[in-house]
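1. model the structure of this input:
(2 chains)
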There are 2 protein chains.
Amino acid sequence: MNTLKVKQSKWILTEEGTDPEIIRQNETLFALSNGHFGTRGSLEEINSPSKYSNSEATLVNAFYDSEPIEYGEWAYGYAKEHQTIIPVPNGKKITLKLDHEIFDLEAGKTTKHKRELDLKKGILKRTFTWENTQGHKIDVEIIRFVSYDHKELLAQKITVTPYNDNNELEIITELDDLKELGSRKKDTSKDPRVKEQGERRFHSERFKKDSVDLLHIETNHTKCHLIVGEKDKLKGFKSPIYNKNNSEKFIVKTKKGKPVVLERLVAYSNMFDEEDKQEEIAQKTATILNETSVLGFENLLEKHIKHMEKFWNMSDIEIEGNDELQVGLRFNLFHLHQAAGRDGKRNMSAKGLTGEGYEGHYFWDTEMYMLSFFLYTQPEIAKQLLTYRYTILEEARNRARIMSIDEGALFAWRTINGKEASPYYPAGTAQIHINGDIAHAIYTYIKVTGDKHFGMNEGLEILVETARFYANWGHYDEKREGAFVLNNVTGPDEYTAIVNNNYYTNLMAKHNFKYAIEMVEATLESNEERGKDVLERINFKHPELENWKNAQKKMFLPYDEEQGLTMQDDSFFHKEVWDLKHTPKEKFPLLLHYHPLTIYRYQVNKQADTILAQFIFSHAFSHDQKVRDYNYYESVTTHDSSLSRSVFGMMASELGFMQKAYTYFMDTALMDLSDLQSNTRDGVHAANMGGTWMSMVYGFGGLRLIGDRLNFNPRLPKEWQAVTFKVTFRGRIIKVSIKKEKTEYKLIEGEPLVINHFNEERQLK
Amino acid sequence: MNTLKVKQSKWILTEEGTDPEIIRQNETLFALSNGHFGTRGSLEEINSPSKYSNSEATLVNAFYDSEPIEYGEWAYGYAKEHQTIIPVPNGKKITLKLDHEIFDLEAGKTTKHKRELDLKKGILKRTFTWENTQGHKIDVEIIRFVSYDHKELLAQKITVTPYNDNNELEIITELDDLKELGSRKKDTSKDPRVKEQGERRFHSERFKKDSVDLLHIETNHTKCHLIVGEKDKLKGFKSPIYNKNNSEKFIVKTKKGKPVVLERLVAYSNMFDEEDKQEEIAQKTATILNETSVLGFENLLEKHIKHMEKFWNMSDIEIEGNDELQVGLRFNLFHLHQAAGRDGKRNMSAKGLTGEGYEGHYFWDTEMYMLSFFLYTQPEIAKQLLTYRYTILEEARNRARIMSIDEGALFAWRTINGKEASPYYPAGTAQIHINGDIAHAIYTYIKVTGDKHFGMNEGLEILVETARFYANWGHYDEKREGAFVLNNVTGPDEYTAIVNNNYYTNLMAKHNFKYAIEMVEATLESNEERGKDVLERINFKHPELENWKNAQKKMFLPYDEEQGLTMQDDSFFHKEVWDLKHTPKEKFPLLLHYHPLTIYRYQVNKQADTILAQFIFSHAFSHDQKVRDYNYYESVTTHDSSLSRSVFGMMASELGFMQKAYTYFMDTALMDLSDLQSNTRDGVHAANMGGTWMSMVYGFGGLRLIGDRLNFNPRLPKEWQAVTFKVTFRGRIIKVSIKKEKTEYKLIEGEPLVINHFNEERQLK
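-> The predicted model follows:
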């Protein structure tokens, strides 16, 4: 399983040598991003076909193309179009020539090849020595980073130090507009989690502005626009610049030991819904490049490192007792930070911007797995992520109408533009729990930040519309003494589909009603005119409140009295138990080896479902109940989904199963570094990375928000000496240091507050 | 609804004039076929684009092409390839020219245009008078039939009677190899019941043998081969024959009043699994054409009419009291007779050979709707239809393995070649009742015919393999006191999918066990070595018998004690009742206007499901039970499937609801003639035609086979004076005449036997 070939320190991932076997995986691990755009950790000189055949992609968040979804058999209301994030021009392509010989890992002799991802600084550094076939040598260092200060900017510095005089060194940079993309190695996998690669899905046009080379690209079907620009600066040498169509060539005569330095800046300016502003954006892009070029690479880097310091200062989690884990954990936080859209128009895809897996779609992962990290460390980003949901609320209303639900909104199961893009509704549209997930995230956001403005505007509107949807989807079942039921749904566990009364879904819907009731009542009782305006605008009628109260009260929550077990859904226990013990290893994940009707017919789970519900509302369940359910559901769960282990781990912490908690955590924390799911090449498992943070803070830290108060029930695995992290809560910053003997809570910033430590109040001042 | 423009006599459907609005529908109604091949009732001269834009197709049973099924999201075990019956060269294309002017309905002046489908004789006759723009006139008569005596043969006779001397008359015949097919009007409907048309899916080669023009065609992907040949004979005139590539041209100078007669024969020789015998088949085709040409049209027609007489003599149902219904009923029997494959390698598609709807696939329709007619009138055809199932048993075994069922066979829900071709498994593969349907048909065939040879060979093997499948799919549910349950299936009603314990499925499976047990025990007790050989070959083990007995005994049959209603499945009554009363007319069929998750969430049926189960085993239910269930299920059924009304009609007869029975029957009997389902243009509803026969014989005749005895419980609707039909049973032919005052049973042929008339024994001698 562990095919990772990186050495680790507490802050740095190091790859030594090169290995074609894991090149794609490491491209994912070494991807750099800032939420606006990302670029995979591919080698600068790579061209296919080579044994180092790559899966290079530079991805701009929400920059996608569409095509009709083909169905073997169509039915009404099916998702109409694929939405597919597409690779945009590669700004990293650099060709080195020494005496007309092109540098390549397969030409001449490369030694001391090393790459380091410095998590602390947020840079990727590559160094090597190359000797060409004539015996001439150079040392090469290439540093790149994706700027947080200038969200459009990819900065690179190439330093070539020659061993000889008078060699002719050429550095050719290129804004690769992917005309060759068709020849890229096609992934013909049928794995539904992978999107086939290979097509160039835009047309492009080159032009100049203020002496900057620009490229305007426009996607084939969605007509998304992007301006890409580049600016190179050769330092210490003079060279004529051969500017030929899509590349710039610098030629210098080497002086032994004297470094040739090229600084290269590439900018990606997304014209989100602004196609008429091409001129303006082009100008802006040229200006950014001209200004940042004047500033220079070192100054840009300095600012970048400061940003990273600030980030780490708030978001780092320190573990004493395991360095490998320490770097793994930081790796996850680093990628989480990289993945989040920050402008309220874009969200956070299941693979971040590290790969094309899942087509760059946003799922419930954002709210249920990744949001917590931001909520408690960078709540302004959390707000932007939730604001995105507000921008697609109208599409969610449309979707509800398509589903013949006359009131309310149903968020798409997977989407970029808000429209449903899941071509398989039993594990797509049927997962109506996404409404409750979003509602829960919004309510929690309001509680944690105290952001009433959001709460009485966007938040309120979403809570009402999601609650309305459930009120209309469900009905009161006379055969269940008038309980409110939600039929024909799929819960988080995708190995069980189209069932009645999925426990998780019903519990989330119940809380969705609760949240909507609370926020509507607060609005009606308050003097806030905004909230009242929202309610009027969306035509809220008072009887709705009664309906929701009734549905909330009568919500059916399936339970097996005989076994004392919570039922995943009405029929789960009527099925046969899958014989996991005798299922050969190569048959996992089951979804790739068994027909859905085979899988659905058994008691077998892809991921946490009922246990997730119990984790979220853990204070509402007795310890014994949670233990019984845990033991049972764990026995039928394959963890074929990367969303599973972290939940089982956190619940294990809560229940005091510390060995289990530790094991799950270690798998979770190192999932991508160890390629546990065997598909890291397609991108990181961002939700699992969020799960890692949750495992630390909610799991071992035992953090729960109950009512308006933070509660901590810290439990440290015996393997560790100490864990330290910070959380922000309503303007405060609290540092939590969990040690074997005791836990310290320190108010770093903000007004005094009261927290609970194992049900015992603590005043923090 | 009633857009049909045909006048009717007791035997003849007449179309007067031409109407572009209904041309496609009438092409279906006027289609001719013999089970081997069929040809739509399109006009000879039609070329698109014209306002008489046609949907011409000549179809050879099981002559199909394939292409991969595209899925928006793939999953393991999905059907891999479409199987699509494809139009083969059109042998009906004839061009008439008078003084170089081409006859066309839109050129010159056509009068007295009339077409008659003579059901008694099995011929289609067209007559009209044409006056060209120069005022020259001709009378034209074209007769065509598809031969039963020579299954390859389409025979046509064109008679042109001129009004003037010395006009130049040209008759150009053509074996249209569909090179123009791409330009045919494409049906872009998303209706899942329609297959898009438009592509030529074969390549062709012309050659000659024994001076006969032949065309060899081979499908693009399946490599199915067909030899098509033509032979024309001009009578009474001499004409040079201009043979140019794909057409023959005859030119004569007219003599006023002297008919010009052209006899045209076209042969379709399917090379089923015999691609290496091209030479031989070509020779055979040439010989057939040469010999039948010598025989001449009139002699061929005489033989054909004799065949039809024999058919009607056994299969006709006479009704006194309604001539329109009489011809409608005969129309249905005529098309049923036309549709059935007769060689054990081909079956009977849902549209017969009258259109491309449902891609020429075979469904459960054959066994459950169409077989009865053959079973009791032409049992040798029934045997051939069941033999087809035996030829695909190996594919059914493979399908079971794909579904992770280690023993037994699962027949494909829709198929030509035996492989599953349903791209939507919830209403495809999940319909595992097809196994029980086939088992029931086989058992009934054995009982009705006494064909022990089939019973101890093919029949036995299928019964064992289908029973094995159910034994492995289901399990004993401890939560239901150890009842045997079948989970995650779809019953006949496709508005409810992926449920547990569909009543119909469970009851059919229970009987499948019963039939397998009975036949295996009979085999083991008999001296028949064949049957024992079969059991040995398929590795039958004695404990299986015990398993089946146990499963049969413990089969779970869901029942609601409180309401006294049979439950369609475990969860049906937990759903909301669909508000049919307030559903606008234009929203039917629901499947085209609501998402599956909307439809599945309600108590609403596309078609008879539980009522079908009760009809099949009607003697096992009390009258009261049947009445309660009938009233309830009728109230939630849309009859959006053409398979529904006939069942409700038969059950109404049984329960004495004669007005309902009559209304359902009238809709059933005239479904295609009145275009009740609005899609007759895509082909006839063959299953419903079978339902018509069943409605007469099982419904009004009240025929039930109980044990080894025929039971009749005749009930005549008040609108009719008498109904007469014949049935064959174990070598006897019985004529049943139901009149208002009494019913007469007359043994026409065979040994004496005892039947029941309303539980009263009658000796027939």
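2. secondary structure element for the residue in the stretch 51-200 of chain A that chain B sits nearest to, which one?
-> Closest to chain B within the stretch 51-200 of chain A is residue A:72: 2.2 Å, counting by C-beta to the nearest C-beta. Quick note: C-beta positions are derived from backbone N, CA and C, even for glycine. Under DSSP states H and E, no helix or strand contains residue A:72.
3. that one contacts residue B:73, correct?
-> No: if you go by C-beta atoms under 8 Å, residue A:72 and residue B:73 don't touch, sitting 11.0 Å apart.
4. OK, contacts around the residue of the stretch 51-200 of chain A closest to chain B?
-> B:69-71, B:78-79, B:82, B:423-424 (C-beta atoms under 8 Å, 6 or more residues apart in numbering or on different chains).
5. which ones are touching the closest residue to it other than its chain neighbours?
-> Nearest residue to residue A:72 in three dimensions, chain neighbours excluded: residue B:423, at 2.2 Å (C-beta to C-beta, 6 or more residues apart in numbering or on different chains). Going by C-beta under 8 Å, 6+ apart, residue B:423 touches A:71-73, B:69, B:71, B:78-79, B:82.
6. quick one: which of these is most hemmed in?
-> Within those, most neighbours by other C-beta atoms under 10 Å in any protein chain shown means residue B:79, with 25 neighbours.
7. tell me which residue in the stretch 401-550 of chain A sits closest to chain B.
-> residue A:423 (2.2 Å).
8. count the residues that sit near residue A:19.
-> 13.
9. can you report phi and psi for the nearest residue to residue A:758 once chain neighbours are set aside?
-> Counting by C-beta to C-beta, 6+ apart, residue A:758 lies nearest to residue A:713, which is 5.5 Å off, once chain neighbours are set aside. Residue A:713 adopts backbone torsions of phi -130, psi 70, taken as degrees, to the nearest 10.
10. ok, now how distant is residue A:713 from chain B?
-> Going from residue A:713 to chain B by C-beta to the nearest C-beta, to the nearest Å gives 36 Å.
11. close enough to count as contact, that residue and residue A:704?
-> Yes: using C-beta under 8 Å, residue A:713 makes contact with residue A:704 at a distance of 7.5 Å.
12. can you redo the contacts of residue A:72 as TSV with secondary structure, distance to residue A:13 and pLDDT?
-> As requested, those are exported to TSV (DSSP: H, G, I helix; E, B strand; the rest coil; distance: C-beta to C-beta, whole Å; pLDDT from 0 to 100):
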residue	secondary structure	distance to residue A:13	pLDDT
B:69	coil	43	95
B:70	coil	40	92
B:71	coil	38	93
B:78	coil	40	97
B:79	coil	45	97
B:82	strand	48	95
B:423	coil	45	96
B:424	coil	46	97
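13. and those, which is closest to residue A:395?
-> Of all the contacts of residue A:72, residue A:395 sits closest to residue B:71, with 24.2 Å by C-beta to C-beta.
14. tell me how far that closest one lies from residue A:62.
-> 25 Å (C-beta to C-beta, to the nearest Å).
15. which of the three states applies to residue A:632?
-> Here residue A:632 is recorded as helix under DSSP: H, G, I helix; E, B strand; the rest coil.
16. find the nearest non-adjacent residue to it, please.
-> For residue A:632, the spatially nearest residue (C-beta to C-beta, 6+ apart) is residue A:565, at 5.5 Å.
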